[in-house]
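[1] Give me coordinates for this.
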Amino acid sequence: MANTINYKGFTIQISAIDSDWLWSDTMPDAKYKNGIPINFIQFNPGAENDVCSFKEANDAGPEVAYFKAFTNAEPRRAYFFGTFIKPILDFSAGTFSAGANVIIQLAKEAQH
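    This next block holds a predicted model:
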């Protein structure tokens, strides 16, 4: 299986999370080589104690967002206010129950 990616307008949604996700997989255009403009990343857990981690540029990069759910109904957000980052969803650093998903809200619509 692979992550399910739904990318439309200003929003990238990642669900059925079972592997790393790289911004460059969804937005391979050369103009995004320096990252994508993000307003926020939201983690919607599937269960209590789910964990989600985003790194910068690669799995060994610095952590730019870390989420731990205290309930399964508690979305968690990290705000970036339009900053260009190279987000990597690090699957091996997380715990994703059924129904967990991530929403990345872009600061502006990117061409795809």
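[2] Going by C-alpha atoms from here, please, whenever you check contacts or count neighbours.
    Noted.
[3] Pick out the least confidently modelled helix or strand of the chain, by mean pLDDT.
    helix 23-26 (a mean of 88; mean pLDDT, DSSP states H and E).
[4] Can you tell me what sits against that helix?
    I5, Y7, Y32, K33, G35, I36, K86, P87, I88 (C-alpha atoms under 8 Å, 6 or more residues apart in numbering).
[5] ok now do the second one, which residues does it touch?
    For Y7, the contact set (C-alpha under 8 Å, 6+ apart) comprises Q13, T26.
[6] State the distance from it to I103.
    10 Å (C-alpha to C-alpha, to the nearest Å).
[7] rewinding a little: please point out which parts of the least confident helix or strand of the chain sit buried.
    By neighbour count on 16 or more other C-alpha atoms under 10 Å, the buried set for helix 23-26 is W23, S24.
[8] follow-up on the earlier one: which of the contacts of helix 23-26 count as buried?
    I5, Y7, Y32, G35, I36, K86, P87, I88.
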